[in-house]
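Undergrad: what's the 3D shape of this:
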Amino acid sequence: MAGKRKSTKQKNAELALTGKKLRLYGLKLRAYPTPYQQETMLQFMDAHRFSYNFYLGERIEVYELTKETLHASEFKKAFNALKDHPHFEWLKKADKFALETGIEQVEDAFKRFFEKQAKFPRFKSKRNAKQSYSTKETNNNIEFDVEKQQVKLPKIGWVRVLFSKKQQRQFKEDGFQGKVKGATVSAHSSGQIHISLKIEEIMDVPPQVAWQDIDESDVLGIDLGLMHFLIDSNGVKIENPRTLQKRLVQLKRLQQRLSRKKKGSANFKKAKQTLAKLHLEIANIRKDFLHKLSRKLINENQVIVLEDLHVKNMLKNEKLARSISDVGWGNFVIYLNYKAEWANKKVINVGRFFASTKLCSGCGEKNTALTLSERSWVCGECGATHDRDQNAAINMKAEGLRLLREGII
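TA: I've put the predicted structure just below:
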């Protein structure tokens with residue numbers, strides 16, 4: 001009997017004994033399938049969505065009737081038998097891993113719900129702008145060829161993809177040291193299809209850094225904002241690109257054009273696709289900005305200190321919700337953290353109740369009367385004049401240094 005699959009945590013514990021560790025990352029590629037391949041992909045997405053919704057519905061119903069939990073291992077046996085039913089024979093044509101991962105995603109969704117990390121699982125809709133399915137690697141059924149610009153997928157074969165010049169150069173110079181563990185194929189309502197490869201790579205454990213002895217010049221404090229995207233402790237201000245705000249008029253025009261079309265008609269579908277393309281363009285421009293800025297900050301600094309923002313709560317402010325969503329703080333922090341980990345650098349998230357804005361960075365006096373509209377203020381104790389945001393960034397740096405020096409983090 002095959003042993004239970006080891007978790008990433010277990011693998012890392014074993015690798016640590018040899019001075020190694022795992023690095024998991026994704027490689028997202030734009031795909032250009034043939035019409036037949038695209039049709040097959042969409043069928044697999046339908047099958048994946050069906051298995052997800054079917055298991056979710058069964059699990060809810062079993063609990064309501066018996067107060068017992070239906071587990072994936074039990075359901076998979078019954079689901080395999082279901083494929084022999086005349087109404088469900090179409091499931092046999094699908095990639096079996098597309099069906100399995102749908103069931104496993106429900107299991108994972110309930111786990112995160114019970115751990116209070118997410119809301120109660122919801123059914124997937126075929127009307128969502130993005131449809132996808134995931135598959136797993138076994139016996140080299142998933143491969144990629146950088147020179148030929150192709151990716152091989154189970155039951156689909158070799159699909160033409162686009163590797164960037166940077167990716168081609170990196171693979172040519174460094175080779176490929178990892179192992180493909182799976183793939184996710186996604187289709188956007190704009191018509192674009194992407195293949196995301198899940199890659200597992202074994203690398204050396206980086207040397208330990210004495211963070212408590214770090215030089216002050218290697219630490220950067222940053223304050224995230226809406227007027228400026230960020231202001232750092234050196235006084236550098238990065239403008240907020242306002243990616244969505246700059247395209248609201250164009251979005252409104254396309255939405256009006258869509259509303260005038262007859263639902264379900266060819267013109268309606270064409271207008272809907274044009275609108276989806278603009279939404280995707282906005283998302284891509286925002287991601288590009290966040291990736292480039294986070295990479296620059298990690299390359300130039302050893303330690304970055306910023307506030308631990310609770311974006312979900314901030315979005316409850318109706319007046320600022322659109323601007324907060326547009327600026328993309330959440331993704332920016334995610335990008336900073338994983339890039340810092342890869343580069344053996346550090347990101348410190350200071351507690352959100354630290355009064356970085358109201359503290360005088362000169363003498364430490366707290367200005368309790370400071371309002372949100374005041375962009376600069378004068379300390380009543382030492383007389384220092386402060387730019388509100390730069391003062392916050394300087395205080396962030398000071399707090400980060402304190403935490404490092406005292407060995408708290």
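Undergrad: list the buried residues in stretch 172-191.
TA: Within stretch 172-191, the residues that count as buried by 16 or more other CB atoms under 10 Å are Gly178, Val180, Gly182, Ala183, Thr184, Val185, Ser186, Ala187, His188, Ser189, Ser190. Heads up, the C-betas are built off the backbone N, CA and C, glycines and all.
Undergrad: list the contacts of the helix or strand encompassing Phe97.
TA: Here Phe97, judged by DSSP states H and E, is contained in helix 96-114. Outside of helix 96-114, the residues within contact range by CB atoms under 8 Å, 6 or more residues apart in numbering are 44-45, 47-52, 55-56, 59, 71-72, 75-76, 79, 91, 118-121, 133-136, 154, 182.
Undergrad: can I get it as CSV, trimmed to CA atoms?
TA: Extracted C-alpha coordinates of helix 96-114, given in CSV (Å, rounded to 0.1, in the frame of the first residue of the first chain):
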residue,chain,number,x,y,z
LYS,A,96,-9.1,12.5,-13.7
PHE,A,97,-7.0,14.9,-11.7
ALA,A,98,-9.3,17.8,-12.7
LEU,A,99,-12.1,15.9,-11.0
GLU,A,100,-10.0,15.0,-7.9
THR,A,101,-8.7,18.5,-7.4
GLY,A,102,-12.3,19.8,-7.4
ILE,A,103,-13.1,17.5,-4.5
GLU,A,104,-9.9,18.4,-2.7
GLN,A,105,-10.5,22.1,-3.1
VAL,A,106,-13.8,21.7,-1.2
GLU,A,107,-12.0,19.8,1.6
ASP,A,108,-9.4,22.6,1.8
ALA,A,109,-12.2,25.3,1.7
PHE,A,110,-13.9,23.7,4.8
LYS,A,111,-10.6,23.4,6.6
ARG,A,112,-9.9,27.1,6.1
PHE,A,113,-13.5,27.9,7.2
PHE,A,114,-13.2,25.9,10.4
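Undergrad: that's a strand at Glu201, yeah?
TA: Yes. Assessed by DSSP: H, G, I helix; E, B strand; the rest coil, Glu201 belongs to a strand.
Undergrad: tell me the confidence at the residue lying closest to it once chain neighbours are set aside?
TA: Excluding the flanking residues, the one nearest Glu201 by CB to CB, 6 or more residues apart in numbering is Gly178, at 3.5 Å. The per-residue pLDDT reported for Gly178 equals 91.
Undergrad: repeat for Met41
TA: 98.
Undergrad: that one: neighbouring residues, count only.
TA: As a burial measure, Met41 scores 26 neighbours (other CB atoms under 10 Å).
Undergrad: cool, and Gly364?
TA: Around Gly364 there are 12 other residues, counting by other CB under 10 Å.
Undergrad: repeat for the one 10 residues further on
TA: Residues within reach of Glu374, counting by other CB under 10 Å, total 12.
Undergrad: shouldn't it be within a strand?
TA: No. Assigned with three-state DSSP, Glu374 falls outside any strand and is coil.
Undergrad: how far away is the spatially closest residue to it that is not a sequence neighbour from Met396?
TA: Excluding its sequence neighbours, the residue lying closest to Glu374 (CB to CB, 6+ apart) is Arg388, at 6.6 Å. Spatial separation of Arg388 from Met396 under the definition CB to CB, to the nearest Å is 13 Å.
Undergrad: which of those two has more residues huddled nearby?
TA: With other CB under 10 Å as the criterion, Arg388 and Met396 differ in neighbour count, and Met396 comes out ahead with 28 against 19.
Undergrad: quick check: that one vs Glu200, distance?
TA: Met396 is 35 Å from Glu200, by CB to CB.
Undergrad: now swap in Leu275 and tell me
TA: Remark: distance between Leu275 and Glu200 (CB to CB) = 38 Å.
Undergrad: what about these two, which has more around it?
TA: Leu275 (20 against 16).
Undergrad: and the more buried one, what is it in contact with?
TA: Leu275 is in contact with Leu251, Leu254, Gln255, Leu258, counting by CB under 8 Å, 6+ apart.
Undergrad: 10 Å - rerun?
TA: The contact partners of Leu275, by CB atoms under 10 Å, 6 or more residues apart in numbering, come to Ala129, Ser189, Ser190, Gln250, Leu251, Arg253, Leu254, Gln255, Arg257, Leu258.
Undergrad: kindly report the same for Leu27.
TA: Leu27 sits next to 144, 151, 161, 163, 167, 171, 176, 178, 180, 183, 195-199 when contact means CB under 10 Å, 6+ apart.
Undergrad: and it, which of the three is it?
TA: Assigned with three-state DSSP, Leu27 falls in the strand class.
Undergrad: hmm, back to that, can I get the buried residues of stretch 172-191 in TSV with secondary structure and distance to Gly400?
TA: What follows is the buried residues of stretch 172-191, written out as TSV (DSSP: H, G, I helix; E, B strand; the rest coil; distance: CB to CB, whole Å):
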residue	secondary structure	distance to Gly400
Gly178	coil	33
Val180	strand	38
Gly182	strand	37
Ala183	strand	39
Thr184	strand	36
Val185	strand	41
Ser186	strand	38
Ala187	strand	43
His188	strand	39
Ser189	coil	43
Ser190	coil	41
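Undergrad: ok so, going back, in the helix holding Phe97, what's buried?
TA: Neighbour-count burial for helix 96-114, with 16+ other CB under 10 Å as criterion, is recorded at 96-107, 109-110.
Undergrad: sorry, back to before: which of the buried residues of stretch 172-191 sit farthest apart?
TA: Distances among the buried residues of stretch 172-191 were taken as CB to CB; the most separated pair is Gly178 and Ser189, at 31.7 Å.
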